[in-house]
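Chemist: Coordinates for the following, if possible.
(chains A and B)
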Amino acid sequence: MRKKLESLVQQAVATLKKEGVIADDIHVNIALERCRDPQFGDFASNLAMVLAKPAKLNPRQLAEKLVSALPEDSAIVKVDIAGPGFINFFMDQRSQFDIVRQIHAQGSDFGRSQVGAGKKIQVEFVSANPTGPLHVGHGRGAAYGSVVADLLTAVGFSVHREYYVNDAGRQMDILATSIWLRYLEECGEPVRFPDNGYRGDYVSDIARDVYRNAKDDYRRPFDLVLEGIPEDESQGGDKEAHIDGLINKAKTLLGTTDYRKVFQVGLNNILEDIKQDLQGFGVDYQEWFSEQHLMDDGSVELALKRLQVAGHLYEKDGATWFASSPFGDEKDRVVRRENGQYTYFASDIAYHMNKLDRGFDQIIDIWGADHHGYIPRVKAAIQALGADADKLKVLLVQFATLYRGEEKVQMSTRSGEFVTLRQLRDEVGKDAARFFYVMRRSEQHMDFDLHLATSKTNENPVFYVQYAHARVCSVLRQLVEKGFTRDLVSGMDALDKLTEEHELSLLSTLERYPEMLERAALTHEPHQLILYLRELANAFHTYYNAHQFLVEDASLRNARINLVCAVKQVLANGLTLLNINTPESM
RNA sequence: GCGCUUGUAGCUCAGCUGGAUAGAGCAUCGGCCUUCUAAGCCGAGGGUCGCAGGUUCGAGUCCUGCCAAGCGUGCCA
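Modeler: Numbers count the residues shown, from 1 in each chain, chains lettered A, B, ... in the order given. Coordinates of the predicted model:
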């Protein structure tokens, strides 16, 4: 409906251009919006006001010319010029009923489109370090990222979901060392656990696993471990120097092979846990991309080589720097440290080079908002590699602050004090958790009250939408119980009996679904979908309370059943996109 | 200090490329169940859109300054 009207208006503009009223070279952006107030019709355009100045006409005069240039169409009943120059369109109400037929015909495909035209988009999200279980902070990125990916798929993009596994950094060494120390405890060594080690119970669990399999094979006297290690922070020293000393000691005392074994057990264990966790949360990936792999196959070296050849690298203070500031970064960045090790940024350059080489039309990275300062340097790298910085779109997800009622929950991965995503799922359920996370704009800081989310009795908006779906199902059950039979065809023939205000409002809400979906996808704003579903549910609940569907008049009854079935279909389509269940009863 | 983000009802948030009277949920108050599920519906109150300028037919939306909050500003990841 909207598209059709847009093309009619476009034709009117073309006519005026031909007549010389509007200059040919003016770019015309057809702006049609749905009217909030029905007195202004169904759609309104501000076109005349926008074009008034370049056309050197006053808006109302121009509006009149536009209206008279508008091709005849049976769908348009009336066109008004109002206020300072709005053009208001009143559509034929009979055409509104088509939406019910359309929804019935397209079923679960209703709302999907091909605006993406099969373009390849990569969406990388979560990518949490595999140093511990996912916590509720990651949950938001997981929910948001997966819905963004699914929305893009729904409007015709070819989407590749990817998790970047940071399995090569210092944090992983800290994890491996933490596991080894817990293992030594298990062996009976008098271990003093470092301030900076990973303290979560899962570390001890993994250590016990290691002990079960290896017995005393990796046991070394703790005195020997501590030998020559600088003091820890709580002993008046430096915690970083202390943990680095322990890592080096673990490597030398265990030897490369055994150290690697402990390391690998930790990585495999945690990564497997993360995979299962995400799967249970309704988040699936096409690819788990290993940072270590980039190191091993020489991609990091290759990436730096490419930068070097292009003249973007230089040596200073014993380190290798990438000249990112000419590309708009605040300062240049180190890619290889004085000690010869690559920085995290170096492998990230390699990773993005790899993404570019894979030929995606667009690359979307979803990061925690605390990494926003990182964007300019990655974009700089992309440009330095000879690509367009706009290929990369970084979407930021603000962390959720967790509350238990009034009390703020403090979290730190290292200290082991955090609420895991799994705990949240157990308490709230997948549906409510996903709905909550995606309900707000991603870059908006959000308060996540566990008490509120766990309360199943009220306030939880997900139930409101699911309830609408369940209610339609209930109506269909009642239909049978009352001895009626649904007659689809006669219902479709009788759609023009749907003249109640609530019915018309429901029809226009249904009609908005495809354009809403397209916008939500292209702007990467899943909350638009949530908002829409709440509106649709509200329109339905209101209708339900105002009118009986299972009336004696068979044709009216069938028409109403067809309408509420269309509502059920659209609710199901939206909820399914969000990976939220559509209960038949509640 | 500099950079990014945010500031809308008591609370949590929407507000589409600038459009007509700024919306919703929760909370508060008042109504609606012998009827297809009351996890619902209807109504009421509640606003200096952080502050001050500017741009224009028109600004919550764009620009500038200021105020406040968060984050960033490593040879950490």
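
Chemist: C-terminal to the one helix or strand A:Ile363 maps to, what's the next element?
Modeler: Counting by DSSP states H and E, the element that carries A:Ile363 is strand A:362-368. Next helix or strand after strand A:362-368 toward the C-terminus (DSSP H and E): helix A:375-384.

Chemist: relative to strand A:362-368, how tilted is that next one?
Modeler: Between helix A:375-384 and strand A:362-368, the angle comes out at 160 degrees (axes from the mean of the first three to the mean of the last three C-alpha atoms, to 10 degrees).

Chemist: And helix A:375-384, what does it pack against?
Modeler: strand A:319-322, helix A:344-357, strand A:392-397 (3 or more C-beta pairs under 8 Å, 6 or more residues apart in numbering; DSSP states H and E). (C-beta placed from N, C-alpha, C; glycine too.)

Chemist: So for that helix, mean pLDDT?
Modeler: Throughout helix A:375-384, pLDDT has a mean value of 95.

Chemist: That one: how far from the chain's middle?
Modeler: Relative to the chain's own centre, helix A:375-384 is displaced by 23 Å; criterion: C-alpha atoms, centre = their mean, to the nearest Å.

Chemist: And the contacts of the strand holding A:Ile363?
Modeler: Here strand A:362-368 makes contact (C-beta atoms under 8 Å, 6 or more residues apart in numbering) with A:119-126, A:137, A:141, A:144-145, A:148, A:352, A:355-356, A:374, A:378, A:391-399, A:524.

Chemist: if you look at that strand, does any of it touch RNA strand B?
Modeler: No: against RNA strand B, strand A:362-368 shows no contacts by C-beta under 7 Å from any atom of the strand, the least distance being 8.1 Å.

Chemist: same question, stretch A:76-86
Modeler: Yes: under the criterion of C-beta under 7 Å from any atom of the strand, stretch A:76-86 makes contact with RNA strand B via A:Ala82, A:Gly83, A:Pro84, A:Phe86.

Chemist: Selecting buried members of those in PyMOL, what would you type?
Modeler: The following PyMOL line selects those of the residues of stretch A:76-86 next to RNA strand B that are buried, judged by 16 or more other C-beta atoms under 10 Å:
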select buried, chain A and resi 86
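
Chemist: C-terminal to the strand or helix carrying A:Trp180, which secondary structure element comes first?
Modeler: Following DSSP H and E, one finds A:Trp180 within helix A:170-187. As assigned by DSSP H and E, the chain's next helix or strand after helix A:170-187 is helix A:201-214.

Chemist: my guess is A:Leu175 meets A:Gly200, correct?
Modeler: No: if you go by C-beta atoms under 8 Å, A:Leu175 and A:Gly200 don't touch, sitting 10.0 Å apart.

Chemist: and for the two, which residues touch both?
Modeler: The contact sets of A:Leu175 and A:Gly200 overlap at A:Gly132 (C-beta under 8 Å, 6+ apart).

Chemist: out of these two, which sits in the more crowded spot?
Modeler: Higher neighbour count among A:Leu175 and A:Gly200: A:Leu175, with 25 against 21, using other C-beta atoms under 10 Å.

Chemist: Identify the residue nearest the more buried one in space, chain neighbours excluded?
Modeler: Counting by C-beta to C-beta, 6 or more residues apart in numbering, A:Thr131 is the residue found nearest to A:Leu175 once chain neighbours are left out, at 4.5 Å.

Chemist: Now do the same for the one you found: its pLDDT.
Modeler: pLDDT, A:Thr131: 92.

Chemist: Could you give the number of residues near A:Met446?
Modeler: 17.

Chemist: just checking, it touches A:Thr401?
Modeler: Yes: counting by C-beta under 8 Å, A:Thr401 is a contact partner of A:Met446 at 7.3 Å.

Chemist: what stretches of chain A score poorly on pLDDT?
Modeler: Applying pLDDT under 70 to chain A flags the ranges A:1, A:25-31, A:405-408, A:410-417, A:452-459.

Chemist: how far away is the closest residue to RNA strand B within the stretch 251-400 of chain A from A:Glu315?
Modeler: Taking C-beta to the nearest atom of the strand, RNA strand B has its nearest neighbour within the stretch 251-400 of chain A at A:Gly373, 2.2 Å off. According to C-beta to C-beta, to the nearest Å, A:Gly373 stands 25 Å off from A:Glu315.

Chemist: how about the residue of the stretch 51-200 of chain A found nearest RNA strand B, what does it touch?
Modeler: Across the stretch 51-200 of chain A, no residue is closer to RNA strand B than A:Gly169, which sits at 2.8 Å (C-beta to the nearest atom of the strand). Contacts for A:Gly169 (C-beta under 8 Å, 6+ apart) come out as A:Asn129, A:Glu291, A:Tyr344.

Chemist: Among those, name the buried ones.
Modeler: A:Asn129, A:Glu291.

Chemist: Put together TSV for the contacts of A:Gly169, with distance to RNA strand B on each row.
Modeler: Listed next are the contacts of A:Gly169 as TSV, based on distance: C-beta to the nearest atom of the strand, whole Å:
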residue	distance to RNA strand B
A:Asn129	5
A:Glu291	7
A:Tyr344	3
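
Chemist: would you list the contacts of A:Gly169 in JSON lines and tack on distance to A:Ser74?
Modeler: Shown next, in JSON lines, are these (distance: C-beta to C-beta, whole Å):
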{"residue": "A:Asn129", "distance to A:Ser74": "61"}
{"residue": "A:Glu291", "distance to A:Ser74": "61"}
{"residue": "A:Tyr344", "distance to A:Ser74": "63"}
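
Chemist: just the contacts of A:Gly169 now: which is nearest A:Val283?
Modeler: Taking C-beta to C-beta as the measure, A:Val283 lies nearest A:Asn129 of the contacts of A:Gly169, at 17.2 Å.

Chemist: does that closest one count as helix, strand or coil?
Modeler: Secondary structure state of A:Asn129, per DSSP: H, G, I helix; E, B strand; the rest coil, is coil.

Chemist: Nice, that's everything, thank you.
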